[in-house]
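Peer 1: just the structure for this:
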Amino acid sequence: MSLNVPNTLTWARIALIPLFVGVFYLPDSMLGPSLKNLVATVIFVVAAVTDWFDGYLARTLGQTSEFGAFLDPVADKLMVAAALILLVQLGRIDAIVAVVMIGREITISALREWMARVGESSSVAVATIGKFKTAAQMTAIPMLLYHDPLLLLNVQLIGTILIYVAAALTLWSMIYYLRKALPRLSARERKVPGKANGGNAESG
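Peer 2: This is a model prediction of the structure:
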């Protein structure tokens, strides 16, 4: 395991997750509801900033590594999943939104792992639609965490609209990646002898 500056930041982002969730379990006498919202929002935004910063440092310092390439997206997905589940518990988003987003991440992560194993990882490289999804999602979540009105803005309403936009883009991007990958997988499947009748006895 390579422990350099970028990887340390990534580990720090993972370490922030229990603190991020734990904020909402503090008694109101210690931290009022509005302060809980603010602190959780700040923690999430700090985590998002370190996500960009560790990638920048890895490239600038020449400290890219296979472990870092594995850990960075894992840290991102854990933080986003924690935020979505927390927002469902707080009643700020519908459970279906969290199911769609978390389910998509699991599906595409598994797809990318498989495509990398068969040498077709370029087929499911990050596309523009995926970047739009991430932008909408990472804008919506802090708004929903903050929840309270900000000046004349109804932050909860704007965040809710954006999270549904993100959910729609999530489904669209999943379909896009699956359509890109399935023809390659089918072509490789036809080249492997014995697969028509089950071939490999392994299951799972």
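Peer 1: alpha carbons only for contacts and neighbour counts from here, please
Peer 2: OK.
Peer 1: low-confidence ranges, this structure, go.
Peer 2: Across the chain, the ranges flagged by pLDDT under 70 are 1-2, 118-127, 184-204.
Peer 1: domain-wise, how is it divided?
Peer 2: Domains of the chain are assigned by automatic domain parsing as 1-91, 94-191.
Peer 1: I'd like those as TSV, with mean neighbour count appended.
Peer 2: Below are the domains of the chain laid out as TSV (neighbours: other CA atoms under 10 Å):
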stretch	mean neighbour count
domain 1-91	16
domain 94-191	16
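Peer 1: who does the single longest helix found in the chain touch, helix- and strand-wise?
Peer 2: For the chain, the helix that runs over the most residues, judged by DSSP state H, is helix 155-191. Contacts defined by 3 or more CA pairs under 8 Å, 6 or more residues apart in numbering; DSSP states H and E place helix 155-191 against helix 95-117, helix 128-146.
Peer 1: and the closest residue in space to W172 that isn't next to it in sequence, how far is that from I175?
Peer 2: Among residues not flanking W172 along the chain, I129 sits closest, at 7.8 Å (CA to CA, 6 or more residues apart in numbering). Shown here: I129 relative to I175, a distance of 11 Å by CA to CA, to the nearest Å.
Peer 1: the longest helix of the chain to helix 95-117, inter-axis angle?
Peer 2: Interaxial angle, helix 155-191 versus helix 95-117 (axes from the mean of the first three to the mean of the last three CA atoms, to 10 degrees): 30 degrees.
Peer 1: and stretch 114-130, end to end?
Peer 2: 19 Å.
Peer 1: hmm, back to that, export the helices and strands packed on helix 155-191 as a markdown table, with columns for distance to A48.
Peer 2: Converted to a markdown table, the helices and strands packed on helix 155-191 look like this (distance: least, CA to CA, whole Å):
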| stretch | distance to A48 |
| --- | --- |
| helix 95-117 | 17 |
| helix 128-146 | 8 |
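Peer 1: who wins for proximity to T50 among those helices?
Peer 2: Nearest to T50, of all the helices and strands packed on helix 155-191, is helix 128-146, at 13.4 Å by CA to CA.
Peer 1: which strands and helices lie in contact with the closest one?
Peer 2: helix 33-60, helix 66-89, helix 155-191.
Peer 1: let's have those helices in TSV, adding distance to M115.
Peer 2: Listed next are the helices and strands packed on helix 128-146 as TSV, based on distance: least, CA to CA, whole Å:
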stretch	distance to M115
helix 33-60	23
helix 66-89	15
helix 155-191	8
